[in-house]
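Undergrad: mind looking at a prediction? Sequence and model below.
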Amino acid sequence: MDSTATRVPTLPGLAIWLPRLEAVAIPVAALIAGLAVFSLFLLALGNSPIEFFSLVFKAAFGTAFSWKNTLSRVAPLLFAGLCVALPARLGLVVIGGEGAIALGGLAAAVTGVWLASLPGVVGLPAMAFAAMAVGGLWIGLVGLLRIKRGVNETIASLLMAYIAIALMNHLVEGMFRDPASLNKPSTAPLADALRVGNMPIGIEVHWGFGVGTIACVLCWVLTDRTTIGFAARIAGDNVRAAQVQGLPVAKLIVGFTTLGGAMAGLAGFFEVAAIHGSANASLVVGYGYTGILVAFLARHNPLAIIPVAILLAGFEASSGLIQRRMDLPDATILVMQGIVFVMLLLSETLYGRIKFFRPELWEDPR
Amino acid sequence: MTRISRRTLLASTGAVAATSLLPQTALAADELTVGFIYVGPKDDFGYNQAHAEGAAAVKAMDGVKVVEEENVPETVDVQSSMESMINFDGVKLLFPTSFGYFDPHILDIAPKHEGVRFQHAAGLWSADKHPTNVGSYFGYIGMGQYLNGITAGHATKTKKIGFVAAKPIPQVLLNINSFLLGARQVDPEITCQVIFTGEWSLAVKEAEATNALADQGCDVITCHVDGPKVVMETAAARDALICGYHANQSPLAPEKYLTGAEWNWAGVYTGMVKTAMEGGTIDNFVRGGLADGFIKMSPLGPAVSDAARKQYDATKAKIMAGGFAAIKGPLKDNAGNVIAAAGQSFVEDDIALESMDYLVEGVIGSTS
């Protein structure tokens, strides 16, 4: 006790930075361990890990086109990651972002058709708002079910995603169908003024990447730099303690799930406004589920979601070149992601156990 | 006189440097690199396998290099895959094979790569709207389902046949209607129960639908989903006979397999690649049926009777001769509306068939 009290003030920098370093070092080590295990898998199949990883690097980050390929995939992963990470701050495991993406995209498309004559300055925010409102409502409902009826949010969000996708398909094939979309039922195409363009950064990457990055930063400010975020973390760590302290746990749950859903809705908005130009079944391609992986890899830290999403997008961007050059099946990248994910879950048990990162435990053995 | 300015010099040395960075495979003198992109797995016994079989035929040609990617969704992913093939592999001819790749993805990418030809499987290209380096090709496979129907009509004992369908879109509806109308050439009392799964690839629902059809007494079953494997195996396990679709599924249940409506992309693709290699221009819009070699039928299975074989051969000969119509009057839809008056007929390339929104009389099911 004495030694800790005397030591820590002498090492203020280390005392602050080592635990933070731990939060980076452990996931990075898990990533490297995962890639090492995956290399064994490749060797067992008779393939060269060196060739594999150099192809991944080339396809994901090696040329200007590779960066475009990678960054253009990042936007939905950022938003879908936030949809998991925000409720996770309260200890809620929400895995149904896919549904909010589908319905958010549909809401954006329908609003866009409805406001077709408006200029983009008005129309685009309206579409984004509609997407956020619908997505927020959908996941917010999961939070509400949790506090009102004690329904498990993981199961509820997953099942509600199925309902959302079915609802979107039903509406796209029925009420909101563009009669001209014969063999791929879609909503009517958006006017050019209501399309989201590319960012002026020299490579063709649409604004979803920029807005998603800003959203991650803002969410980080909320969770790590405000009293609301602090209250949410307390409720996540120990809900009874939070209630005893008089924290508004119910409001926090509804608020964070709603915000997470709104982020997923934005993913749908950008898919519709920047990529597809209408809502259809192509909104449902699994971004919501990849978002789970993103959030867990980022340990639910909104800021860490940015590099993690770029890394995962890079892996996906390299999938094609791997198939073509090494003649490996498309599932190879999935296997790699799976192994990394398992390693990461295993590494969760290491926190607080490595003495190096805990200066307060650096006592002389007596 | 050519003046060498600093700018042109920099540009040309830059170009040389860039070329030397290109993968060595990209620029072998007379080799044509062709790219194929599939929305599902190459071995799905269905839509994607049919295209992959075409790609395999191209691969066997001299002076051609083929690169392939499977499981590419109809999102920004396919745009990246196309550009990656162009940038890293030097692909000059692309076959992105899924319907949803066209708009907006091919239409976004094609104008940026004028030296590359994009060939898309569907009839979506139109001269006044779309770039000239894009082309459409497709086959009239409904006639294959009509022939399937003839073998089914002879084989059914319950006079009930079944159809597992993905979505109620014109192409699928034409297949369902053709299947029943083929069967009704044998016996006008036959009915066809259809179940829509709502998705192109959703194995669980496909199995449920097949079981539901078998439960209702359908003893010949076919389908239009991306990968017919689940439907075929489930139906055969329920002791129903099966008619194939997209590719040849007879290896899955050889005794139960009557015949199947297959794409014949090998012929189409090798023809197009040959044209490209000879420096010719591939037509922007091509379609064809059985007679043009765009589609083919699986060999008849052991469960096909002699009477069935006779009628099948006779009808096939009529189709090959041209002008044959499966959809012809007098014909009503299953809600009683007149589709075609007596004497009216829709030949396979009739544009009216491409906006089909009805199920004909005798099909049990609804489009919505």
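TA: Everything's here; your move.
Undergrad: give the contact list for B:Y146.
TA: B:S178, B:F179, B:L181, B:G182, B:T315, B:I319, B:A326 (C-beta atoms under 8 Å, 6 or more residues apart in numbering or on different chains). Just so you know, the C-beta spots here come from the backbone N, C-alpha and C atoms, and that holds for glycine as well.
Undergrad: ok, and the closest non-adjacent residue to the fifth one?
TA: By that I understand B:T315. Closest residue to B:T315 apart from its sequence neighbours, by C-beta to C-beta, 6 or more residues apart in numbering or on different chains: B:I150 at 5.9 Å.
Undergrad: just the element for B:C243, please.
TA: strand B:241-246 (DSSP states H and E).
Undergrad: just checking, next helix/strand downstream of that strand?
TA: strand B:257-263.
Undergrad: contact partners of that next one?
TA: Contact with strand B:257-263 is made by B:50-51, B:54, B:139, B:141, B:143-145, B:147-148, B:151-152, B:155, B:175, B:220, B:232, B:241-250, B:294-301, B:303-304, B:312, as judged by C-beta under 8 Å, 6+ apart.
Undergrad: what's the answer for stretch A:39-46, then?
TA: A:S48, A:P49, A:F52, A:L328, A:V335, A:I339.
Undergrad: least confident of the residues you listed?
TA: The lowest pLDDT within the contacts of stretch A:39-46 belongs to A:L328, with 88.
Undergrad: excluding sequence neighbours, find me the nearest residue to the closest residue to chain A within the stretch 151-300 of chain B.
TA: Nearest to chain A, among the residues of the stretch 151-300 of chain B, is B:I169, at 4.7 Å (C-beta to the nearest C-beta). In space, and not counting its chain neighbours, B:I169 is closest to A:N183: 4.7 Å by C-beta to C-beta, 6+ apart.
Undergrad: verify the stated contact: the one you found with B:G123.
TA: No: assessed by C-beta atoms under 8 Å, A:N183 is found out of contact with B:G123, at 9.2 Å.
Undergrad: please work out which residue of the stretch 101-250 of chain A is closest to chain B.
TA: Counting by C-beta to the nearest C-beta, the stretch 101-250 of chain A gets nearest to chain B through A:N183 (4.7 Å).
Undergrad: and what about A:A60, helix, strand or coil?
TA: When classified by DSSP: H, G, I helix; E, B strand; the rest coil, A:A60 comes out as helix.
Undergrad: got the contact list for it?
TA: Here A:A60 is in contact with A:S66, A:N69, A:T70, A:A313, A:G314, A:F315, A:A317, A:S318 (C-beta under 8 Å, 6+ apart).
Undergrad: near chain A, which residues of the stretch 101-250 of chain B?
TA: By C-beta under 8 Å from any C-beta of the partner chain, the residues of the stretch 101-250 of chain B that approach chain A are B:P104, B:A122, B:K167, B:P168, B:I169, B:P170, B:Q171, B:G198, B:E199.
Undergrad: count residues in the vicinity of the second one, would you?
TA: Counted with other C-beta atoms under 10 Å in any protein chain shown, residues neighbouring B:A122 total 19.
Undergrad: same question for the third one.
TA: Applying other C-beta under 10 Å, we find 21 residues neighbouring B:K167.
Undergrad: helices and strands of the chain: which one has the lowest mean pLDDT?
TA: Went with chain A since none was named. Across the helices and strands of chain A, mean confidence by mean pLDDT, DSSP states H and E is lowest for helix A:2-10: a mean of 48.
Undergrad: nope, chain B please
TA: Using mean pLDDT, DSSP H and E, helix B:6-21 stands out as the lowest-scoring helix or strand of chain B, at a mean of 44.
Undergrad: residue boundaries of the strands in the stretch 201-350 of chain B?
TA: For the stretch 201-350 of chain B, the strands defined by DSSP state E, counting those that start in this stretch cover B:220-224, B:241-246, B:257-263, B:285-288, B:295-297, B:327-328, B:331-332, B:338-340, B:345-346.
Undergrad: tell me the most buried of the ones you listed?
TA: Of these, the one with the most neighbours on average (mean count of other C-beta atoms under 10 Å in any protein chain shown) is strand B:220-224, at a mean of 31.
Undergrad: stretch B:188-198: how far from the chain's middle?
TA: Computed by C-alpha atoms, centre = their mean, to the nearest Å, the chain-centroid distance of stretch B:188-198 equals 21 Å.
Undergrad: what residues of it count as buried?
TA: B:I190, B:T191, B:C192, B:Q193, B:V194, B:I195, B:F196, B:T197, B:G198 (16 or more other C-beta atoms under 10 Å in any protein chain shown).
Undergrad: inside strands: which ones of those residues?
TA: Applying DSSP state E to the buried residues of stretch B:188-198, the entries found in strands are B:T191, B:C192, B:Q193, B:V194, B:I195, B:F196.
Undergrad: which non-adjacent residue is nearest B:A207?
TA: Nearest one to B:A207, counting by C-beta to C-beta, 6+ apart, is B:T234 at 4.8 Å.
Undergrad: re earlier: same list (the strands of the stretch 201-350 of chain B) but as CSV, adding mean pLDDT.
TA: Shown next, in CSV, are the strands of the stretch 201-350 of chain B (pLDDT from 0 to 100):
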stretch, mean pLDDT
strand B:220-224, 97
strand B:241-246, 97
strand B:257-263, 97
strand B:285-288, 92
strand B:295-297, 96
strand B:327-328, 94
strand B:331-332, 96
strand B:338-340, 94
strand B:345-346, 94
